[in-house]
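> Next comes the sequence, and after it the predicted model I'd like to discuss.
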Amino acid sequence: MTVEKKVRWGVLGAGRIAHTFCKDIQHSQFAELTAVASRTKSAAQQFADIYKTPEILEGYQALYLHPNVDAIYIATPHNFHFEQAAAALKAGKHALCEKPITVSPEQCEQLIQLAGENNRFLMEGMWSYFLPTILKAKEWVNSGRIGKIHQVKADFGYPVTFVEGDRMYNPALAGGCLLDMGIYTLAIAQYFINQLPDLSLVSHKLAKTGVEDDLTLIAQYPDATATLACSFRAKFQNSAYIIGENGYIDIPNFWRADRCSLFQLDEKVEEFVEKRRGSGFEFQIDAASQCILDGEKEARLMPLSTSLLLQQQMHDILCKIGLR
C-alpha cells in the first residue's frame, strides 16, 4: 500500500450524516474530501463554507462522472441507496453506502453483483464495527475473558417527534425504527455471535402511518440468545451487553461507543476508554480507503455477506409483523 496516496472522496447528499462524514474525514490518514453533491447548489455550498470543500456540485450525475473522484459516500435516505450506489458503481466509482445499504435482500444482491461486474469496492457504512471500543470488546471475547457467549442484549431508542411526511414515519421512504435504529442492534449481535439465528420472536407497535415505531426481538441462535429492541417512542438505555459464562462486557451507547468495561460477576476488572479526534466516522473512512488503496473489493470487518445477512434478517422481521 502506498501510504502517501489518498482516496479522493465525493459525498452524495447534504444532510446531517453527510456533515458527520465531512467533519471526520479531516482526521483520516488515507482519505480526502474532493466534492459534495446535492440536489440544490445552496445546500452543497454550506459544505464548501464549513469544510473547505474543493468542489460543490448541483445534482448527482456530475459526481458520478467527476474525473477527480475515486469513491462516493452515499448519505441520502434509505430508499435512494440502491439507485445511487448502482449509478456510482456503473460509473466506475467505489462506494461506501450509509446503512442500511438497501431496503431489501434483492437490492443488496444486485449491488453486490454490480460491484463485482465493475470491479469496484463496496461497503455498507456500519461504522460501529470499526470503532476501537468495539474492537477491544471483541478482543476480550476472542481471548476468552468472558468465556462462551450466552446472550447479547442491545437496545437503541430515542423519542422521534411525529411530523407529517417526515421520512422516519413515511412508509414510502422506508420509514420505521427497524431500518433506522434496529439495524444497529442486529449488527452488534451478529458481530459477536457470528451465527445465523434459528428462530425469532417479535413484539411491535405501529405509528399512525403504519410503520413500526417500537420493536422488540428475541433471536435464538444455535449457541446464544439475543434480546434486541428499538424505538421512536422513548429513550432507551442504548447499551449493549455481551454476556458470557465467566463474565460480561458493558458497552454504553454501543453504536457510537467510546468506552467499554469488563466484569466478572459484580466486579469491574478492566475498562477501556478511547480517545478519538472526531465523531468516530474517521475509523470506517480510513478502513474503506485502505481497502481501496490496496485493491480490495470489500472490507474484512464489514463484508458484503454480512450486509446481505442483515437485509435478510430485517426482511424476515418485517414479514413477521405484516409489513412486507
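Yep, that arrived.

> mind listing the helices in the stretch 101-250 of the chain by residue range?
With helices called from DSSP state H, counting those that start in this stretch, the stretch 101-250 of the chain shows them at 105-117, 132-142, 177, 183-193.

> Taking helix 132-142 as reference, get the angle to the last one.
Think helix 183-193. Helix 183-193 and helix 132-142 meet at an angle of 30 degrees, taking axes from the mean of the first three to the mean of the last three C-alpha atoms, to 10 degrees as the criterion.

> right, and Ser38 touches Thr53 too?
No - with contact defined as C-beta atoms under 8 Å, Ser38 does not reach Thr53; the gap is 11.0 Å. Backbone N, C-alpha and C define where each C-beta goes, glycine included.

> the more surrounded of those two?
Neighbours were counted for Ser38 and for Thr53 using other C-beta atoms under 10 Å; Ser38 has more, 25 against 20.

> Quick check: phi and psi at the more buried one.
phi -140, psi 170 (degrees, to the nearest 10).

> Specify the beta-bridge partners of it.
Note on Ser38: beta-bridge partners Glu58, judged by DSSP bridges.

> ok, it to Thr20 distance?
Counting by C-beta to C-beta, to the nearest Å, the gap from Ser38 to Thr20 is 16 Å.

> measure Asn238 to Tyr169 for me?
Note on Asn238: its distance to Tyr169, by C-beta to C-beta, is 21 Å.

> go on, Asp214?
Distance from Asp214 to Tyr169, by C-beta to C-beta: 12 Å.

> Neighbour count: the two, which is higher?
Per other C-beta under 10 Å, whichever of Asp214 and Tyr169 has more neighbours is Tyr169, with 22 against 17.

> Val211 is in contact with the more buried one, correct?
Yes - in this structure, Tyr169 is within contact of Val211 by C-beta under 8 Å, at 5.9 Å.

> what sits in contact with each of Ser38 and Thr53?
Here Ser38 and Thr53 have Ala44 as joint contacts, going by C-beta atoms under 8 Å, 6 or more residues apart in numbering.

> got the contact list for Val141?
By C-beta under 8 Å, 6+ apart, the neighbours of Val141 are 149, 192, 242, 244, 249.

> can you redo the residues you listed as a markdown table with pLDDT?
What follows is the contacts of Val141, written out as a markdown table (pLDDT from 0 to 100):
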| residue | pLDDT |
| --- | --- |
| Ile149 | 98 |
| Phe192 | 98 |
| Ile242 | 98 |
| Gly244 | 98 |
| Ile249 | 98 |
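
> Just the buried positions in stretch 210-224, please.
For stretch 210-224, a neighbour-count test (16 or more other C-beta atoms under 10 Å) marks 211-217, 219, 221, 224 as buried.

> Dump the C-alpha coordinates for that stretch into CSV.
Written as CSV, here are the backbone C-alpha positions of stretch 210-224 (Å, rounded to 0.1, in the frame of the first residue of the first chain):
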residue,chain,number,x,y,z
GLY,A,210,-48.4,2.1,9.5
VAL,A,211,-44.7,1.8,10.1
GLU,A,212,-43.3,0.2,13.2
ASP,A,213,-42.2,2.7,15.8
ASP,A,214,-41.3,0.3,18.6
LEU,A,215,-40.0,-3.2,18.2
THR,A,216,-38.5,-5.9,20.5
LEU,A,217,-36.9,-9.0,19.1
ILE,A,218,-35.7,-12.2,20.8
ALA,A,219,-33.4,-14.1,18.4
GLN,A,220,-32.4,-17.7,19.2
TYR,A,221,-29.0,-18.7,17.7
PRO,A,222,-27.5,-22.2,17.9
ASP,A,223,-25.3,-21.3,20.9
ALA,A,224,-26.7,-18.0,22.2
